[in-house]
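Sequence plus predicted model, see below.
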Amino acid sequence: MRELRVETEHPYIVHIGRGAVGLLGQHYRDLLAAADQVVVIADSRVAELHLPQLFEALADFQPKVFRVPAGEEAKSAETFMDCHSFLLTENCSRNTVILAFGGGAVGDLAGFVASTFMRGVPFVQVPTTILAHDSAVGGKTAINHPLGKNMIGTFYQPHAVVYDADFLQTLPENEIRSGMAEVIKHAFISNEGWLDELLAYEDLSKMFGQGLEGHLEKGIAVKSAIVEEDEFEGGVRKFLNFGHTLGHAIEAHLGYGKLTHGEAVVLGMAYALELSESPQLPRFLNWAKANRYPLMLLLDMPFDELLPYMKKDKKSTAAALNFVLLEAVGQPFMETITEQRAQAAYGKLRKTIKEMI
Ligand SMILES: NC(=O)c1ccc[n+]([C@@H]2O[C@H](COP(=O)([O-])OP(=O)(O)OC[C@H]3O[C@@H](n4cnc5c(N)ncnc54)[C@H](O)[C@@H]3O)[C@@H](O)[C@H]2O)c1
Ligand SMILES: O=C(O)C(=O)C[C@@H](O)[C@H](O)[C@H](O)COP(=O)(O)O
Ligand SMILES: [Zn+2]
(Lines give C-alpha, C1' and ligand atoms only; values in the text may rest on other atoms or scores of the structure.)
(Ligands and ions follow the chains in the order given, each with its own letter.)
Protein backbone atom coordinates (compact mmCIF):
# COMPACT_ATOMS: atom_id res chain seq x y z
CA MET A 1 0.00 0.00 0.00
CA ARG A 2 1.32 3.45 -0.88
CA GLU A 3 0.41 6.85 0.50
CA LEU A 4 0.85 10.05 -1.48
CA ARG A 5 0.24 13.36 0.27
CA VAL A 6 -1.39 16.23 -1.61
CA GLU A 7 -0.37 19.57 -0.11
CA THR A 8 -3.31 21.78 -1.01
CA GLU A 9 -4.90 24.39 1.27
CA HIS A 10 -6.56 21.41 2.98
CA PRO A 11 -3.96 18.62 2.59
CA TYR A 12 -4.98 14.98 2.26
CA ILE A 13 -3.63 11.54 1.51
CA VAL A 14 -4.18 9.32 -1.53
CA HIS A 15 -4.01 5.67 -0.37
CA ILE A 16 -3.33 3.46 -3.36
CA GLY A 17 -2.96 -0.30 -3.67
CA ARG A 18 -4.80 -3.58 -3.75
CA GLY A 19 -7.13 -3.90 -0.78
CA ALA A 20 -6.87 -0.19 0.12
CA VAL A 21 -10.59 0.05 0.81
CA GLY A 22 -10.27 -2.48 3.65
CA LEU A 23 -8.32 0.14 5.60
CA LEU A 24 -10.89 2.90 5.19
CA GLY A 25 -12.64 2.23 8.49
CA GLN A 26 -9.32 2.17 10.36
CA HIS A 27 -7.61 5.16 8.74
CA TYR A 28 -10.66 7.39 8.97
CA ARG A 29 -12.32 6.03 12.11
CA ASP A 30 -12.32 9.43 13.84
CA LEU A 31 -13.96 11.20 10.91
CA LEU A 32 -16.56 8.48 10.32
CA ALA A 33 -17.37 7.81 13.97
CA ALA A 34 -17.92 11.51 14.63
CA ALA A 35 -20.33 11.87 11.69
CA ASP A 36 -24.03 11.67 12.46
CA GLN A 37 -24.53 10.00 9.06
CA VAL A 38 -22.23 8.38 6.51
CA VAL A 39 -23.72 8.55 3.01
CA VAL A 40 -22.32 6.70 0.01
CA ILE A 41 -23.18 8.25 -3.35
CA ALA A 42 -22.61 5.27 -5.63
CA ASP A 43 -22.56 4.68 -9.37
CA SER A 44 -25.31 2.06 -9.76
CA ARG A 45 -23.12 -0.29 -11.85
CA VAL A 46 -20.28 -0.06 -9.35
CA ALA A 47 -22.69 -0.65 -6.48
CA GLU A 48 -23.88 -3.83 -8.19
CA LEU A 49 -20.30 -5.08 -8.60
CA HIS A 50 -18.46 -3.88 -5.52
CA LEU A 51 -20.71 -2.52 -2.76
CA PRO A 52 -20.17 -5.53 -0.42
CA GLN A 53 -16.43 -4.73 -0.12
CA LEU A 54 -17.19 -1.12 0.78
CA PHE A 55 -19.91 -2.15 3.25
CA GLU A 56 -17.49 -4.51 4.96
CA ALA A 57 -15.02 -1.67 5.43
CA LEU A 58 -17.76 0.60 6.79
CA ALA A 59 -19.53 -2.00 8.92
CA ASP A 60 -19.14 0.04 12.12
CA PHE A 61 -20.70 3.17 10.65
CA GLN A 62 -24.08 2.05 9.21
CA PRO A 63 -23.74 3.84 5.88
CA LYS A 64 -26.72 4.83 3.76
CA VAL A 65 -26.40 4.44 0.01
CA PHE A 66 -27.79 6.63 -2.74
CA ARG A 67 -27.40 5.00 -6.17
CA VAL A 68 -27.11 7.32 -9.15
CA PRO A 69 -27.21 6.43 -12.86
CA ALA A 70 -24.00 4.85 -14.10
CA GLY A 71 -21.58 7.06 -15.99
CA GLU A 72 -22.01 10.57 -17.33
CA GLU A 73 -25.75 10.70 -16.64
CA ALA A 74 -24.76 11.17 -13.01
CA LYS A 75 -23.45 14.63 -13.86
CA SER A 76 -26.87 16.10 -14.64
CA ALA A 77 -28.70 18.86 -12.77
CA GLU A 78 -31.48 16.38 -12.08
CA THR A 79 -29.21 13.83 -10.39
CA PHE A 80 -27.54 16.63 -8.45
CA MET A 81 -30.94 17.71 -7.07
CA ASP A 82 -31.87 14.08 -6.37
CA CYS A 83 -28.76 13.74 -4.20
CA HIS A 84 -29.71 16.82 -2.18
CA SER A 85 -33.27 15.53 -1.83
CA PHE A 86 -31.92 12.23 -0.50
CA LEU A 87 -29.68 13.99 2.03
CA LEU A 88 -32.53 16.21 3.23
CA THR A 89 -35.04 13.36 3.39
CA GLU A 90 -32.58 11.32 5.45
CA ASN A 91 -32.18 14.30 7.84
CA CYS A 92 -28.50 14.68 7.09
CA SER A 93 -26.78 17.62 8.73
CA ARG A 94 -23.55 19.55 8.48
CA ASN A 95 -22.10 16.66 10.42
CA THR A 96 -22.63 14.19 7.55
CA VAL A 97 -19.74 12.60 5.63
CA ILE A 98 -20.20 11.74 1.96
CA LEU A 99 -18.30 9.00 0.14
CA ALA A 100 -18.08 9.00 -3.66
CA PHE A 101 -18.04 5.41 -4.95
CA GLY A 102 -17.41 5.01 -8.66
CA GLY A 103 -15.49 6.64 -11.47
CA GLY A 104 -14.90 10.27 -12.30
CA ALA A 105 -18.56 10.96 -13.02
CA VAL A 106 -19.72 10.05 -9.53
CA GLY A 107 -16.60 11.64 -8.03
CA ASP A 108 -17.33 14.96 -9.74
CA LEU A 109 -21.01 14.80 -8.81
CA ALA A 110 -20.55 13.73 -5.18
CA GLY A 111 -17.80 16.31 -4.69
CA PHE A 112 -20.12 19.02 -5.99
CA VAL A 113 -22.93 17.78 -3.76
CA ALA A 114 -20.57 17.71 -0.75
CA SER A 115 -19.34 21.22 -1.48
CA THR A 116 -22.87 22.61 -1.70
CA PHE A 117 -24.89 20.63 0.87
CA MET A 118 -25.42 23.08 3.72
CA ARG A 119 -22.46 24.96 2.18
CA GLY A 120 -20.05 22.10 2.62
CA VAL A 121 -19.59 18.72 4.30
CA PRO A 122 -16.49 16.49 4.18
CA PHE A 123 -16.22 13.89 1.44
CA VAL A 124 -13.96 10.95 0.67
CA GLN A 125 -13.22 9.74 -2.84
CA VAL A 126 -13.33 5.95 -3.33
CA PRO A 127 -12.52 5.75 -7.05
CA THR A 128 -13.03 2.64 -9.13
CA THR A 129 -11.69 3.50 -12.60
CA ILE A 130 -8.25 4.02 -14.12
CA LEU A 131 -9.32 7.48 -15.20
CA ALA A 132 -10.07 8.38 -11.60
CA HIS A 133 -6.34 8.51 -10.77
CA ASP A 134 -6.90 11.96 -12.30
CA SER A 135 -10.45 12.89 -11.32
CA ALA A 136 -10.28 11.88 -7.65
CA VAL A 137 -7.26 14.11 -7.00
CA GLY A 138 -7.14 17.88 -7.22
CA GLY A 139 -10.57 19.00 -6.06
CA LYS A 140 -12.35 19.89 -9.30
CA THR A 141 -16.04 19.04 -8.90
CA ALA A 142 -18.72 19.58 -11.53
CA ILE A 143 -21.88 18.70 -13.35
CA ASN A 144 -22.48 19.32 -17.06
CA HIS A 145 -24.64 21.86 -18.85
CA PRO A 146 -26.01 21.05 -22.32
CA LEU A 147 -23.99 24.02 -23.60
CA GLY A 148 -20.71 22.96 -22.04
CA LYS A 149 -18.91 20.25 -20.10
CA ASN A 150 -18.28 20.76 -16.35
CA MET A 151 -19.71 24.26 -16.52
CA ILE A 152 -21.25 24.17 -13.04
CA GLY A 153 -18.89 23.26 -10.25
CA THR A 154 -16.49 24.17 -7.49
CA PHE A 155 -12.93 23.64 -6.29
CA TYR A 156 -13.37 21.46 -3.20
CA GLN A 157 -10.69 19.05 -2.05
CA PRO A 158 -11.63 15.62 -0.68
CA HIS A 159 -10.79 14.67 2.90
CA ALA A 160 -9.00 11.59 1.51
CA VAL A 161 -8.73 9.39 -1.56
CA VAL A 162 -8.86 5.62 -1.06
CA TYR A 163 -7.92 4.03 -4.39
CA ASP A 164 -8.25 0.25 -4.35
CA ALA A 165 -6.68 -1.28 -7.45
CA ASP A 166 -8.74 -4.46 -6.99
CA PHE A 167 -11.81 -2.60 -8.26
CA LEU A 168 -10.12 -1.97 -11.60
CA GLN A 169 -10.23 -5.67 -12.53
CA THR A 170 -13.86 -5.44 -13.66
CA LEU A 171 -13.41 -2.48 -16.01
CA PRO A 172 -14.56 -3.06 -19.59
CA GLU A 173 -12.11 -2.53 -22.45
CA ASN A 174 -13.36 0.93 -23.46
CA GLU A 175 -12.96 2.19 -19.88
CA ILE A 176 -9.36 0.94 -19.76
CA ARG A 177 -8.78 2.89 -22.96
CA SER A 178 -10.49 5.93 -21.53
CA GLY A 179 -8.50 5.91 -18.30
CA MET A 180 -5.17 5.42 -20.03
CA ALA A 181 -5.82 8.58 -22.06
CA GLU A 182 -5.37 10.71 -18.93
CA VAL A 183 -2.24 8.73 -17.98
CA ILE A 184 -0.80 9.54 -21.44
CA LYS A 185 -1.84 13.16 -20.94
CA HIS A 186 0.14 13.29 -17.70
CA ALA A 187 3.14 11.86 -19.57
CA PHE A 188 2.86 14.33 -22.47
CA ILE A 189 3.01 17.31 -20.13
CA SER A 190 5.79 15.95 -17.94
CA ASN A 191 8.22 13.27 -19.14
CA GLU A 192 9.36 11.93 -22.52
CA GLY A 193 10.87 8.68 -21.19
CA TRP A 194 7.60 7.80 -19.53
CA LEU A 195 5.67 8.72 -22.68
CA ASP A 196 7.89 6.36 -24.70
CA GLU A 197 7.10 3.56 -22.28
CA LEU A 198 3.36 4.14 -22.55
CA LEU A 199 3.32 4.51 -26.33
CA ALA A 200 5.00 1.10 -26.57
CA TYR A 201 1.74 -0.57 -25.42
CA GLU A 202 -0.18 -1.83 -28.42
CA ASP A 203 -2.70 -3.53 -26.18
CA LEU A 204 -3.50 -1.54 -23.07
CA SER A 205 -5.36 -4.37 -21.37
CA LYS A 206 -1.93 -6.06 -20.97
CA MET A 207 -1.08 -3.39 -18.38
CA PHE A 208 -2.90 -5.31 -15.67
CA GLY A 209 -0.23 -7.00 -13.62
CA GLN A 210 2.43 -5.20 -15.69
CA GLY A 211 3.01 -1.90 -14.00
CA LEU A 212 -0.46 -0.36 -14.11
CA GLU A 213 -0.33 0.78 -10.49
CA GLY A 214 3.09 2.36 -11.03
CA HIS A 215 1.76 4.35 -13.98
CA LEU A 216 -1.23 5.49 -11.92
CA GLU A 217 1.06 6.64 -9.12
CA LYS A 218 3.20 8.56 -11.59
CA GLY A 219 0.07 10.22 -12.99
CA ILE A 220 -1.09 11.16 -9.50
CA ALA A 221 2.36 12.56 -8.70
CA VAL A 222 2.35 14.75 -11.85
CA LYS A 223 -1.17 15.94 -11.14
CA SER A 224 -0.69 16.68 -7.46
CA ALA A 225 2.56 18.59 -8.04
CA ILE A 226 0.73 20.89 -10.47
CA VAL A 227 -2.31 21.25 -8.21
CA GLU A 228 -0.09 22.03 -5.23
CA GLU A 229 1.49 24.85 -7.23
CA ASP A 230 -1.77 26.28 -8.60
CA GLU A 231 -4.83 24.84 -6.82
CA PHE A 232 -7.35 27.27 -8.34
CA GLU A 233 -6.07 27.27 -11.94
CA GLY A 234 -4.67 30.75 -12.24
CA GLY A 235 -1.76 29.46 -14.35
CA VAL A 236 0.06 26.13 -14.65
CA ARG A 237 -2.97 24.03 -13.72
CA LYS A 238 -4.30 24.80 -17.19
CA PHE A 239 -1.66 22.35 -18.51
CA LEU A 240 -3.76 19.50 -17.03
CA ASN A 241 -6.30 20.50 -19.66
CA PHE A 242 -4.06 19.33 -22.54
CA GLY A 243 -6.39 17.81 -25.14
CA HIS A 244 -9.54 18.96 -23.37
CA THR A 245 -10.60 21.99 -25.44
CA LEU A 246 -11.59 19.84 -28.37
CA GLY A 247 -12.26 16.77 -26.18
CA HIS A 248 -14.94 18.54 -24.13
CA ALA A 249 -16.43 20.08 -27.28
CA ILE A 250 -16.80 16.59 -28.77
CA GLU A 251 -18.46 15.24 -25.61
CA ALA A 252 -20.98 18.10 -25.53
CA HIS A 253 -21.59 17.97 -29.29
CA LEU A 254 -22.23 14.20 -29.36
CA GLY A 255 -24.28 14.25 -26.14
CA TYR A 256 -22.67 13.40 -22.78
CA GLY A 257 -21.82 9.74 -22.38
CA LYS A 258 -21.92 8.86 -26.10
CA LEU A 259 -18.13 8.76 -26.11
CA THR A 260 -15.99 8.23 -23.01
CA HIS A 261 -14.14 11.26 -21.63
CA GLY A 262 -10.73 9.70 -22.26
CA GLU A 263 -11.55 8.74 -25.84
CA ALA A 264 -12.64 12.32 -26.54
CA VAL A 265 -9.45 13.61 -24.90
CA VAL A 266 -7.35 11.39 -27.19
CA LEU A 267 -8.94 13.10 -30.21
CA GLY A 268 -8.30 16.43 -28.48
CA MET A 269 -4.65 15.58 -27.79
CA ALA A 270 -4.13 14.62 -31.45
CA TYR A 271 -5.56 18.01 -32.40
CA ALA A 272 -3.37 19.84 -29.85
CA LEU A 273 -0.32 18.01 -31.25
CA GLU A 274 -1.34 19.09 -34.77
CA LEU A 275 -1.70 22.70 -33.58
CA SER A 276 1.71 22.38 -31.89
CA GLU A 277 3.23 21.01 -35.13
CA SER A 278 4.62 18.31 -32.86
CA PRO A 279 6.82 15.52 -34.22
CA GLN A 280 4.99 13.24 -31.73
CA LEU A 281 1.77 13.27 -33.75
CA PRO A 282 2.43 10.30 -36.11
CA ARG A 283 3.42 7.85 -33.40
CA PHE A 284 0.61 9.06 -31.14
CA LEU A 285 -1.90 8.40 -33.94
CA ASN A 286 -0.37 4.96 -34.54
CA TRP A 287 -0.66 4.14 -30.85
CA ALA A 288 -4.26 5.38 -30.77
CA LYS A 289 -5.14 3.34 -33.86
CA ALA A 290 -3.52 0.17 -32.44
CA ASN A 291 -5.50 0.62 -29.23
CA ARG A 292 -8.76 1.22 -31.11
CA TYR A 293 -9.40 4.81 -30.05
CA PRO A 294 -12.16 6.06 -32.38
CA LEU A 295 -10.05 8.43 -34.49
CA MET A 296 -12.39 8.17 -37.46
CA LEU A 297 -15.15 9.92 -35.50
CA LEU A 298 -13.42 13.20 -36.33
CA LEU A 299 -14.31 12.64 -39.98
CA ASP A 300 -18.02 12.89 -39.09
CA MET A 301 -17.77 16.08 -37.03
CA PRO A 302 -17.63 19.36 -38.95
CA PHE A 303 -15.42 22.04 -37.38
CA ASP A 304 -18.30 24.55 -37.35
CA GLU A 305 -20.32 22.35 -35.02
CA LEU A 306 -17.48 22.06 -32.51
CA LEU A 307 -16.30 25.68 -32.56
CA PRO A 308 -19.14 27.13 -30.42
CA TYR A 309 -18.27 24.70 -27.63
CA MET A 310 -14.55 25.48 -27.88
CA LYS A 311 -15.35 29.19 -27.63
CA LYS A 312 -17.11 28.52 -24.31
CA ASP A 313 -14.20 26.48 -22.93
CA LYS A 314 -13.15 27.68 -19.47
CA LYS A 315 -9.68 28.62 -20.73
CA SER A 316 -11.12 30.78 -23.53
CA THR A 317 -11.95 34.44 -23.14
CA ALA A 318 -14.69 36.38 -24.91
CA ALA A 319 -12.09 37.39 -27.47
CA ALA A 320 -9.93 34.32 -27.97
CA LEU A 321 -9.51 30.55 -28.10
CA ASN A 322 -6.73 29.54 -25.73
CA PHE A 323 -5.13 26.12 -26.12
CA VAL A 324 -2.59 24.09 -24.18
CA LEU A 325 0.13 23.25 -26.72
CA LEU A 326 3.47 21.47 -26.45
CA GLU A 327 6.84 23.02 -27.20
CA ALA A 328 8.16 19.50 -26.64
CA VAL A 329 7.16 16.60 -24.41
CA GLY A 330 7.23 17.94 -20.84
CA GLN A 331 7.04 21.54 -22.04
CA PRO A 332 3.40 22.62 -22.24
CA PHE A 333 2.47 26.27 -22.80
CA MET A 334 -0.67 28.32 -23.44
CA GLU A 335 -1.32 29.81 -26.84
CA THR A 336 -4.06 32.00 -28.29
CA ILE A 337 -5.27 30.54 -31.59
CA THR A 338 -7.27 32.33 -34.28
CA GLU A 339 -10.37 30.62 -35.65
CA GLN A 340 -8.70 30.34 -39.05
CA ARG A 341 -5.68 28.57 -37.60
CA ALA A 342 -7.93 26.30 -35.54
CA GLN A 343 -9.94 25.37 -38.63
CA ALA A 344 -6.89 24.77 -40.82
CA ALA A 345 -5.31 22.47 -38.23
CA TYR A 346 -8.57 20.57 -37.86
CA GLY A 347 -8.73 20.01 -41.63
CA LYS A 348 -5.11 18.87 -41.71
CA LEU A 349 -5.61 16.39 -38.88
CA ARG A 350 -8.73 14.96 -40.54
CA LYS A 351 -6.78 14.47 -43.76
CA THR A 352 -3.98 12.66 -41.92
CA ILE A 353 -6.46 10.40 -40.14
CA LYS A 354 -8.33 9.63 -43.36
CA GLU A 355 -5.08 8.58 -45.02
CA MET A 356 -3.97 6.32 -42.18
CA ILE A 357 -7.24 4.45 -41.66
N1 LIG B 1 -12.38 16.32 -11.51
C2 LIG B 1 -11.37 16.09 -12.33
O3 LIG B 1 -10.25 16.56 -12.14
C4 LIG B 1 -11.59 15.18 -13.50
C5 LIG B 1 -10.49 14.66 -14.19
C6 LIG B 1 -10.71 13.81 -15.26
C7 LIG B 1 -12.01 13.46 -15.61
N8 LIG B 1 -13.03 13.97 -14.91
C9 LIG B 1 -14.42 13.56 -15.22
O10 LIG B 1 -14.52 12.18 -14.94
C11 LIG B 1 -15.54 11.60 -15.75
C12 LIG B 1 -15.04 10.33 -16.37
O13 LIG B 1 -14.70 9.43 -15.35
P14 LIG B 1 -14.56 7.87 -15.64
O15 LIG B 1 -13.80 7.65 -16.86
O16 LIG B 1 -14.13 7.24 -14.38
O17 LIG B 1 -16.03 7.47 -16.06
P18 LIG B 1 -17.37 7.10 -15.26
O19 LIG B 1 -17.36 7.52 -13.88
O20 LIG B 1 -18.44 7.57 -16.16
O21 LIG B 1 -17.31 5.52 -15.30
C22 LIG B 1 -17.27 4.90 -16.56
C23 LIG B 1 -18.14 3.65 -16.61
O24 LIG B 1 -17.48 2.60 -15.95
C25 LIG B 1 -18.34 2.00 -14.97
N26 LIG B 1 -17.45 1.59 -13.90
C27 LIG B 1 -16.83 2.36 -12.98
N28 LIG B 1 -16.02 1.61 -12.23
C29 LIG B 1 -16.13 0.36 -12.67
C30 LIG B 1 -15.51 -0.86 -12.30
N31 LIG B 1 -14.60 -0.92 -11.33
N32 LIG B 1 -15.86 -1.99 -12.97
C33 LIG B 1 -16.76 -1.93 -13.99
N34 LIG B 1 -17.37 -0.81 -14.39
C35 LIG B 1 -17.05 0.33 -13.73
C36 LIG B 1 -19.34 3.05 -14.65
O37 LIG B 1 -20.56 2.48 -14.23
C38 LIG B 1 -19.50 3.79 -15.96
O39 LIG B 1 -20.44 3.14 -16.77
C40 LIG B 1 -15.91 12.66 -16.78
O41 LIG B 1 -17.13 13.23 -16.42
C42 LIG B 1 -14.79 13.67 -16.67
O43 LIG B 1 -15.23 14.97 -17.00
C44 LIG B 1 -12.86 14.81 -13.87
O1 LIG C 1 -7.62 18.79 -12.80
C2 LIG C 1 -7.58 19.53 -13.78
O3 LIG C 1 -7.29 20.73 -13.68
C4 LIG C 1 -7.88 19.01 -15.12
O5 LIG C 1 -7.99 19.78 -16.07
C6 LIG C 1 -8.04 17.53 -15.27
C7 LIG C 1 -8.89 17.11 -16.45
O8 LIG C 1 -8.47 15.81 -16.82
C9 LIG C 1 -10.38 17.00 -16.11
O10 LIG C 1 -11.07 16.44 -17.19
C11 LIG C 1 -11.05 18.26 -15.63
O12 LIG C 1 -12.32 17.97 -15.11
C13 LIG C 1 -11.23 19.29 -16.71
O14 LIG C 1 -11.53 20.47 -16.10
P15 LIG C 1 -12.32 21.66 -16.76
O16 LIG C 1 -11.99 22.80 -15.88
O17 LIG C 1 -11.81 21.83 -18.16
O18 LIG C 1 -13.74 21.29 -16.75
ZN1 LIG D 1 -9.90 14.97 -18.22
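Happy to help now that I have it. Residues are numbered from 1 along each chain as shown. Ligands and ions are numbered 1, 2, ... in the order given.

Tell me who's in contact with the closest residue to ligand 2 within the stretch 201-350 of the chain.
When distances are taken as C-beta to the nearest ligand atom, the stretch 201-350 of the chain reaches nearest to ligand 2 at Leu240, 3.7 Å away. Heads up, the C-betas are built off the backbone N, CA and C, glycines and all. Taking C-beta atoms under 8 Å, 6 or more residues apart in numbering, we find Leu240 in contact with 134, 138, 185, 189, 223, 226-227.

Of the residues you listed, which ones also sit close to ligand 2?
Among the contacts of Leu240, the ones lying near ligand 2 by C-beta under 6 Å from any ligand atom are 134, 138.

Kindly write the PyMOL command that selects the buried subset of the contacts of Leu240.
Command for PyMOL that selects the buried part of the contacts of Leu240, burial taken from 16 or more other C-beta atoms under 10 Å:
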select buried, resi 134+138+185+189+223+226+227
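
For stretch 254-271, the averaged confidence score.
Mean pLDDT, stretch 254-271: 98.

how about the residues of the stretch 1-150 of the chain near ligand 2?
Within reach of ligand 2 by C-beta under 6 Å from any ligand atom, the stretch 1-150 of the chain has these residues: 134, 138, 140, 142, 150.

Hmm, I typed the wrong one, I wanted the stretch 251-357 of the chain.
Residues of the stretch 251-357 of the chain lying near ligand 2 (C-beta under 6 Å from any ligand atom): Lys314.

Can you point out the buried residues in the strand or helix carrying Met151?
Per DSSP states H and E: Met151 is located in strand 148-155. Buried residues in strand 148-155, counted by 16+ other C-beta under 10 Å: 148-151, 153, 155.

residue contacts, the residue sitting nearest the centre point of the chain?
The chain has Ser135 as the residue nearest its centroid, 3.6 Å off, counting by C-alpha atoms, centre = their mean. Taking C-beta under 8 Å, 6+ apart, we find Ser135 in contact with 103-104, 107-108, 127.

how about Ile16, secondary structure?
Of the three states, Ile16 takes strand according to DSSP: H, G, I helix; E, B strand; the rest coil.

For ligand 2, see how far away it is.
17 Å (C-beta to the nearest ligand atom, to the nearest Å).

now that residue, nearest residue through space, not along the chain?
Nearest residue to Ile16, sequence neighbours excluded (C-beta to C-beta, 6 or more residues apart in numbering): Tyr163, at 4.4 Å.

Using the three-state scheme, assign Val324.
strand.

Surely it is in contact with Arg237?
No: contact criterion C-beta atoms under 8 Å: Val324 and Arg237 do not qualify, at 10.5 Å.

of those two, who's got more company?
Set Val324 next to Arg237 and count neighbours by other C-beta atoms under 10 Å: Val324 wins out with 25 against 19.

which among the residues of the stretch 1-150 of the chain next to ligand 2 gets closest to Phe86?
Ala142 (19.4 Å; C-beta to C-beta).

Who are the contact partners of that closest one?
If you count contacts by C-beta under 8 Å, 6+ apart, then Ala142 has 75, 108, 112, 150-154 around it.

how about the residues you listed in TSV, adding distance to ligand 1 and pLDDT?
Shown next, in TSV, are the contacts of Ala142 (distance: C-beta to the nearest ligand atom, whole Å; pLDDT from 0 to 100):
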residue	distance to ligand 1	pLDDT
Lys75	6	98
Asp108	5	99
Phe112	10	99
Asn150	6	98
Met151	11	98
Ile152	12	98
Gly153	8	98
Thr154	11	98
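
count of residues packed around the nearest residue to Tyr156 once chain neighbours are set aside?
In space, and not counting its chain neighbours, Tyr156 is closest to Ser115: 3.6 Å by C-beta to C-beta, 6+ apart. Look at Ser115: counted by other C-beta under 10 Å, it has 19 neighbours.

what helix or strand is Ser115 on?
Going by DSSP H and E, Ser115 is in helix 104-116.

Tell me which helix or strand comes right after that helix.
Following helix 104-116 in sequence, per DSSP H and E, is strand 123-127.

Counting by contacts, list what that following strand packs against.
Judged by 3 or more C-beta pairs under 8 Å, 6 or more residues apart in numbering; DSSP states H and E, the packing partners of strand 123-127 are strand 96-102, helix 104-116, helix 132-135, strand 160-164.

can you tell me the helix or strand for Ala142?
strand 140-145.

tell me which parts of this protein are close to ligand 1?
So the chain meets ligand 1 at 43, 45-46, 49, 70-72, 75, 102-106, 108, 128-129, 131-132, 134-135, 138, 140, 150, 167-168, 170-171, 175, 178-179, 182, 260-261 (C-beta under 6 Å from any ligand atom).

and the residues you listed, which are buried?
Those of the residues of the chain next to ligand 1 that meet the buried threshold are 43, 45-46, 70-72, 75, 102-106, 108, 128-129, 131-132, 134-135, 138, 140, 150, 167-168, 171, 175, 178-179, 182, 260-261, by 16+ other C-beta under 10 Å.
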